[in-house]
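Student: Only the shape, not the letters, is given here:
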């Protein structure tokens, strides 16, 4: 059945703008103290638990969550502002970002209260790193093709199989894992999947690095060899996690991180071209900024819908699809616009380094959060085209 795709006209409230100034002041102080380099290549600051704990002390992790779990009970739009400022500043948020964005909300909806009271306050303090176990070898972003099995064993579940493209698994304290607990039905291949909270220190878990062209290590292969997960760590309903997982992806695919990962190229280009770019360069920058503004308005809209209790899965998929294409194309466009700049321009060398790095990471941008092909399949299904 076709669904309406609609982006609500959402504006950031006054309290979000006030919070933005507070976040900017904090980041400026951290940059001045040498905590991270705002003009380094994106991701170069990476994982920094000490920084995450500082953010937690500010109350900016779990910002939307209930007070009893350590949250501040503020809006999704205020959280959006925090995320946006941290991304633009190139701050090291890998230690807490996934837990804040989607793992914590999943636990609040589907975990028992004992787990919530134990894990969620630690996330809010910046002490707990999460990874997401969805993709598998041979199936990629098609999460309904998952084959890693979880079988009942005593009071728990024994897991065997492999997950791949698992960002930050080498740092993670926990994984939200999607495992097959029953065969798919002929009329519903999504049936038979269950989600679990996985303690990454359990015996039988091996994390193998997946190196990128940059030489950096974000992705991992995670192998489960007879890993026994307690029964209390099952999340939601047995065999029905497809409903939960698709809801979770609205959180994962709609934020500004889906179009700002190569944003440093745009700011580097603006610095390179200076205050009086020629007509060609000025027009090019104008187009890029207009496109970025459109993506941002769409993303803000989706977060406003999340705040209203909606599940904008299709809209989130559109933001991720278009955002990925934009951030992948940005390095090439910036290279063309900078082609006639004076080679002696002050930041020419650093700009070239940024371009090289952005070009090398471009292929991985489509993997994280779901490939373009999978996203377009979701959108087509929502439109009743398949």
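Tutor: Done, it's in. All of these numbers come straight from a predicted model, not from anything done at the bench.
Student: from here on, contacts and neighbour counts on C-alpha atoms
Tutor: Will do.
Student: Can you list the strands that the strand ranked longest in the chain pairs with?
Tutor: Counting by DSSP state E, the longest strand found in the chain is strand 219-230. Partners of strand 219-230 in the sheet, by DSSP bridges, are strand 156-163 (antiparallel), strand 205-210 (antiparallel).
Student: hey, which of those strands is tucked in deepest?
Tutor: strand 156-163 (a mean of 21; mean count of other Cα atoms under 10 Å).
Student: helices or strands up against the helix or strand just after that strand?
Tutor: Downstream of strand 156-163, the first helix or strand assigned by DSSP states H and E is strand 174-180. If contacts are counted by 3 or more Cα pairs under 8 Å, 6 or more residues apart in numbering; DSSP states H and E, strand 174-180 sits against strand 130-133, strand 149-153, strand 193-199.
Student: Pairing partners for the shortest one, with directions?
Tutor: Taking DSSP bridges as the criterion, strand 130-133 pairs within the sheet with strand 174-180 (parallel).
Student: Helices of the stretch 1-150 of the chain, residue ranges please.
Tutor: For the stretch 1-150 of the chain, the helices defined by DSSP state H, counting those that start in this stretch occupy 14-32, 49-57, 76-88, 97-98, 104-110, 113-124.
Student: which outside residues touch the fifth one?
Tutor: Taking Cα atoms under 8 Å, 6 or more residues apart in numbering as the criterion, the residues outside helix 104-110 that touch it are 62, 65, 115, 116, 120, 123, 235, 236, 248.
Student: Just the buried ones from those, in ChimeraX syntax?
Tutor: If you want just the buried ones from those in ChimeraX, going by 16 or more other Cα atoms under 10 Å, the selection is:
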select :62,65,116,120,123,235,236,248
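Student: Break this protein into its domains for me.
Tutor: Listed by automatic domain parsing, the domain ranges of the chain are 14-128, 132-241, 254-382.
Student: Against residue 60, how distant is the residue nearest to residue 57 when sequence neighbours are not counted?
Tutor: Spatial nearest neighbour of residue 57, excluding adjacent residues (Cα to Cα, 6 or more residues apart in numbering): residue 125 at 6.2 Å. Here the criterion is Cα to Cα, to the nearest Å. By it, residue 125 lies 9 Å from residue 60.
Student: any shared contact partners between the two?
Tutor: Common neighbours of residue 125 and residue 60, using Cα under 8 Å, 6+ apart, do not exist here.
Student: which intervals of the chain have sub-threshold pLDDT?
Tutor: 1-3, 40-45, 140-141, 245-254, 342-349 (pLDDT under 70).
Student: longest helix anywhere in it?
Tutor: For the chain, the helix with the greatest residue count under DSSP state H is helix 279-307.
Student: What helices and strands are in contact with that one?
Tutor: Helices and strands touching helix 279-307, by 3+ Cα pairs under 8 Å, 6+ apart, are helix 76-88, helix 313-337.
Student: the inter-axis angle of the shortest one versus helix 279-307?
Tutor: I take that to be helix 76-88. Taking axes from the mean of the first three to the mean of the last three Cα atoms, to 10 degrees, one finds helix 76-88 and helix 279-307 inclined to each other by 140 degrees.
Student: what do you get for the longest one?
Tutor: Between the direction of helix 313-337 and that of helix 279-307, the angle (the same axes, to 10 degrees) works out to 160 degrees.
Student: And stretch 323-336, what's buried?
Tutor: 323, 324, 325, 326, 327, 328, 330, 331, 334, 335.
Student: Likewise for stretch 191-209?
Tutor: Buried residues in stretch 191-209, counted by 16+ other Cα under 10 Å: 191-200, 205-207, 209.
Student: about what we covered before: between the buried residues of stretch 323-336, which is nearest residue 355?
Tutor: Taking Cα to Cα as the measure, residue 355 sits nearest to residue 331 out of the buried residues of stretch 323-336, at 5.7 Å.
Student: Now that closest one. Nearest residue, chain neighbours left out?
Tutor: residue 355 is the one closest to residue 331 (Cα to Cα, 6+ apart), at 5.7 Å.
Student: Repeat that for residue 386.
Tutor: Setting aside the residues directly before and after it, residue 386 is nearest to residue 380 in space (Cα to Cα, 6+ apart), at 6.1 Å.
Student: Against residue 31, how distant is the one you found?
Tutor: From residue 380 over to residue 31 the distance is 44 Å, taken as Cα to Cα.
Student: same deal with residue 84?
Tutor: Here residue 84 is placed at a distance of 16 Å from residue 31 (Cα to Cα).
Student: Show me which of these two is the more surrounded one.
Tutor: Counted by other Cα atoms under 10 Å, residue 84 and residue 31 do not tie: residue 84 has more neighbours, with 18 against 15.
Student: For the more buried one, give its distance to residue 171.
Tutor: 23 Å.
Student: same deal with residue 50?
Tutor: From residue 50 over to residue 171 (counting by Cα to Cα), the distance is 13 Å.
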